[in-house]
Each structure stands twice: as C-alpha cells, then as structure tokens.
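# Take a look and give me a structure for this.
(2 chains)
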There are 2 protein chains.
Amino acid sequence: MRYALYYWTGIQGRGEFVRLALEDAGADYVDVCRERGDGAMGAFLDGRAPGATPFAPPFLKAGRLVLAQTAAILQYLAPRLDLVPDAETARWKAHQLQLTVADLVAEAHDTHHPIAAGLYYEEQRAAARELAAAFRRERLPKYLGYFERVLEDAGGAHALGRHSYVDLSLFQLMAGLDYAFPAAMRRLRRRTPRLRALAQRVAQRPRLAAYLASPRRLPFNESGIFRHYPELDG
Amino acid sequence: MRYALYYWTGIQGRGEFVRLALEDAGADYVDVCRERGDGAMGAFLDGRAPGATPFAPPFLKAGRLVLAQTAAILQYLAPRLDLVPDAETARWKAHQLQLTVADLVAEAHDTHHPIAAGLYYEEQRAAARELAAAFRRERLPKYLGYFERVLEDAGGAHALGRHSYVDLSLFQLMAGLDYAFPAAMRRLRRRTPRLRALAQRVAQRPRLAAYLASPRRLPFNESGIFRHYPELDG
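Just a heads-up that it's a prediction; the model follows:
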C-alpha cells in the first residue's frame, strides 16, 4: 500500500506525528503537498474529493479511505506498520496515550494563540504571557509527570513495553517542547529521566536518524505549533 | 457486559457523550461516582488500580479494560451497542467526526477559561470576552457549517446515513451550544437546518427522551464545559 499524506508545507505541525510513523517504519508514502503544494488539499477540504471530508489537515489517503485527525490516522496505520502490540488492550492504551499527547499539543499551541488562531501572535501577546505562565507552572509538569509514570509502569523504556508509535510521538513532543520552552524544560529535566532517555533512543533508531538528518525534517519555526518566543518561556 | 462509567458528579461535561450512548442503547451500566462519589476515581487516576492509568475522566471500565478519552470510549462501545455501521470506512469516519466534535467542545470550554483551567472565570474575564467573540465569529460557524455539510453529504438525516453515536454527540453539541450561546446560535439557525432537525429527532428517541426527562440528566450549569455567561454571547 502506498500511503498519501496531506499536510501544510512549511511546518512540522501535527503532520509530523504521522510522518515519523511512516519514516520509522520505512513505509511507502508520498508527502503530497511537498510535491504539489498546499492546493492539493483543496478538493478534500471542500468535499469535492470522494471519501470522508476532513475538517482540517493532516489527513491520509489509503486506497479509498480518506482519514483525518492525527490520532485516528496513527491508530489506523500502527497495526499495518508494526508500530503497536497485537493485544487489544495495548492498542486501546496506545490510542488513549496518543489522544493525551494531542491534548498537550493543543495546549502548547494555545500558549501562543490563546485568543484566536486567526489573529497574529503579536495581537494576543498579553494573554499569551498569562497562559504560558500557567502552562509552564501547572499543565506541562502535570502532563510530563503523567507520561513519565506511564513509562515507569511499563518497565521504563517504552510506553507500551515495546517500541510503538506512542514512543515516536513522545519523542516529537519532547523535541517540540524543548524548542518552544527550553528553560522550562531544563527545570523539569530531573523529573523526566525516562522521557529524556526515550527521546534519545528514538532519535538513534536507524531510519529515524536518517530522516532527522534529511531535508525532509523541517526545522521548528514560528509558524508551527511549537514556537519559541522567549517571553513565553519565563 | 456491565459497563462502569467514571466521571465527575455535578456536571454533564465530557462524560455526557458516553452517557448518551449508554442510555440510548439501553446498556447495562453503573455511573460509579454518582453512587460512590468522585473519590471512586482516585485509585485509577493515581495508578493504584489495574489497567491503563487515565490522565483525566471520563473513563470506562469494561471487564479488565480501563479506557479514557471520550472519543476512544465511544469508538470502543459503538460496535458493542449497535451505534455505528459495520463497514470499516464508516467506523473510521465516525471516529474522525467524534474527534472533531471533541475539538469543538475543547474550544467551547476555552471561551470561559482561555488562560488557565485552574483559575476562576472571573479571573480571566477580559481574555474570555475576546476569545468568545472570535469563537462566535469564526470557529462556531466554521465547525457547524462543516457538520451541516457532513449531514447533507450523507443524505440529510444522519451523519453516517443511519443512527449512530455521532448523531447523539451532535445532539449534545447543539444542546450545549444552545445553552451557552443562545443568541449566537439563534443567528446561525438558518444555516443549520439539518443539525436542528437531527437534534430534535434524537431528543425524541424513546430511550433518550426518557433519559432526558429523568433526574439522571443533570441541567447544564456554570461548572461544566458549556456555560452561559451573557457577556460571552455577544
């Protein structure tokens, strides 16, 4: 099966969670917008293309199936790419964890866009400072503490006791948070030893290391979800 | 199978989406915290209970499975309660739609808590006014327009061409938005005829009508996700 991934060019964004799974598995896929531009998504987003109409990217085309929502795409791909255990309970746990990653990603996004996605950061800077302070103080330690305990309960090395797409997503989460909130993440370093070790190991997986060193891996930037604005890092 | 639902007492919240599915299907379930108090969730939330540790309620216990994240719970329950078509593509579409409902629910929540869930509404009222205005102007019409088109594409009456948990969730979405933003929703009435008709039909389903008339259906209130603050309704 050749998969087609549709996502905005120019940023890692939510599409990167899907890209990491495809790259780590060595899957056959085409990153459609990087070849044909963002306009390639138009027919899907306005319902002219067949299949379920996505509310927003990323979405995946797999044969006739068109599927949006990052966590759903990963849930669909994982058994096909050997990125999740076989046991049903482990698969539900993986999905639950991925949805919790998605919640944290949304909250990290809101730190720089607390009022409206349609406004520039500069137009909502005061609220952003307030939200980011609450995020660093309460939400970030709570989420990372949760994932740290998930790793601990699963034996320390993997979220599900073996390599899975959840490990890839936790790597991406740590990479994005390190970029956006380097000072806050440094302060949490001693409380996140398992997440730190996991992120290092994931980055050294041969296919993933090759991907991360390639031009396909875009750098983080201030158009994406994880943005570095020093005043939001405390 | 007797299901156990765990969710905060005192509010409908995200738990209500699960409750509606269980009630509409006439499933055998216990609403644990309403019998034993919110403390019944403690052992699950701090990892002392067996099974996957939830980050937050609602979560469902089904035999040995413990599953959190509203959309995942509904995805698990739906085939068992005949609340989704059999076809795999329809099931993925259902999950995609439910995750998009969840995104709108999160944005509706943020209108009254734009800065921090840990602060009172009164402490973030200025930002709330700004966010709510952007929500009413851009996000609400965009989401409802999307769901309206989903209904249209599926024949007009149901999100998936037959009754499903997505219809129940769209009913709950409309009920909550009507409560929180009556003026804004009135202005969108002519652009949401199918959602309006769907919500009416769902409310008349015999088991659901009985549930909605029962004391088990809590009224909306200003501790829940959908809150009515007149100044946020424009």
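# Could I get the full set of helices for chain A?
Secondary structure of chain A (DSSP state H): helices located at A:15-24, A:32-36, A:42-45, A:70-80, A:88-112, A:125-134, A:140-153, A:165-180, A:182-187, A:193-203, A:206-212.
# want to try CSV for those, with mean pLDDT and mean neighbour count as columns?
To be clear about C-beta, it is placed using only N, CA and C from the backbone, and glycine gets the same treatment. Output for those, formatted as CSV (pLDDT from 0 to 100; neighbours: other CB atoms under 10 Å in any protein chain shown):
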stretch, mean pLDDT, mean neighbour count
helix A:15-24, 98, 24
helix A:32-36, 98, 16
helix A:42-45, 96, 15
helix A:70-80, 98, 22
helix A:88-112, 97, 22
helix A:125-134, 95, 19
helix A:140-153, 97, 18
helix A:165-180, 98, 23
helix A:182-187, 98, 15
helix A:193-203, 98, 18
helix A:206-212, 98, 15
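# Let's have those helices in JSON lines, adding distance to chain B.
Rendered in JSON lines, the data for these read as follows (distance: least, CB to the nearest CB, whole Å):
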{"stretch": "helix A:15-24", "distance to chain B": "14"}
{"stretch": "helix A:32-36", "distance to chain B": "18"}
{"stretch": "helix A:42-45", "distance to chain B": "10"}
{"stretch": "helix A:70-80", "distance to chain B": "5"}
{"stretch": "helix A:88-112", "distance to chain B": "4"}
{"stretch": "helix A:125-134", "distance to chain B": "4"}
{"stretch": "helix A:140-153", "distance to chain B": "5"}
{"stretch": "helix A:165-180", "distance to chain B": "11"}
{"stretch": "helix A:182-187", "distance to chain B": "15"}
{"stretch": "helix A:193-203", "distance to chain B": "14"}
{"stretch": "helix A:206-212", "distance to chain B": "26"}
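# In CSV: these, plus distance to B:Y143.
Output for these, formatted as CSV (distance: least, CB to CB, whole Å):
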stretch, distance to B:Y143
helix A:15-24, 21
helix A:32-36, 23
helix A:42-45, 14
helix A:70-80, 17
helix A:88-112, 15
helix A:125-134, 22
helix A:140-153, 25
helix A:165-180, 25
helix A:182-187, 32
helix A:193-203, 33
helix A:206-212, 34
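# and chain A, what are its domains?
In the assignment given by automatic domain parsing, the structural domains of chain A cover A:3-80, A:88-204.
# of all the helices of chain A, which lies closest to B:L131?
Go through those one by one with CB to CB and the one that ends up closest to B:L131 is helix A:125-134, at 8.1 Å.
# How many residues are close by A:E231?
Applying other CB atoms under 10 Å in any protein chain shown, we find 9 other residues in the vicinity of A:E231.
# correct me, but it touches A:E130?
No: A:E231 is not in contact with A:E130 according to CB atoms under 8 Å; the separation is 11.3 Å.
# In space, what's closest to A:Y211 - neighbours in sequence excluded?
Nearest residue to A:Y211, sequence neighbours excluded (CB to CB, 6 or more residues apart in numbering or on different chains): A:E23, at 4.1 Å.
# now do A:V166
The nearest residue in space to A:V166 (CB to CB, 6+ apart) is A:A159, at 4.1 Å.
# A:P79 now?
Nearest residue to A:P79, sequence neighbours excluded (CB to CB, 6+ apart): A:R91, at 7.4 Å.
# contacting residues for the one you found?
Contact analysis of A:R91 by CB atoms under 8 Å, 6 or more residues apart in numbering or on different chains lists A:75, A:78-79, A:84-85.
# between the helices of chain A, which one is nearest to B:Q204?
The closest approach between B:Q204 and any of the helices of chain A, judged by CB to CB, belongs to helix A:70-80 at 30.8 Å.
# which residues sit against that closest one?
Here helix A:70-80 makes contact (CB under 8 Å, 6+ apart) with A:1, A:3, A:14-15, A:17-18, A:21-22, A:25, A:27, A:58-60, A:62, A:65, A:67, A:83-84, A:86, A:91, A:94-95, A:98-99, A:101-102, A:164-165, A:169, B:92, B:95-96, B:99.
# let's go with 7 Å and repeat that
With contacts defined as CB atoms under 7 Å, 6 or more residues apart in numbering or on different chains, helix A:70-80 is touched by A:14, A:17-18, A:21, A:58, A:60, A:67, A:84, A:94-95, A:98-99, A:102, A:165, B:92, B:95-96, B:99.
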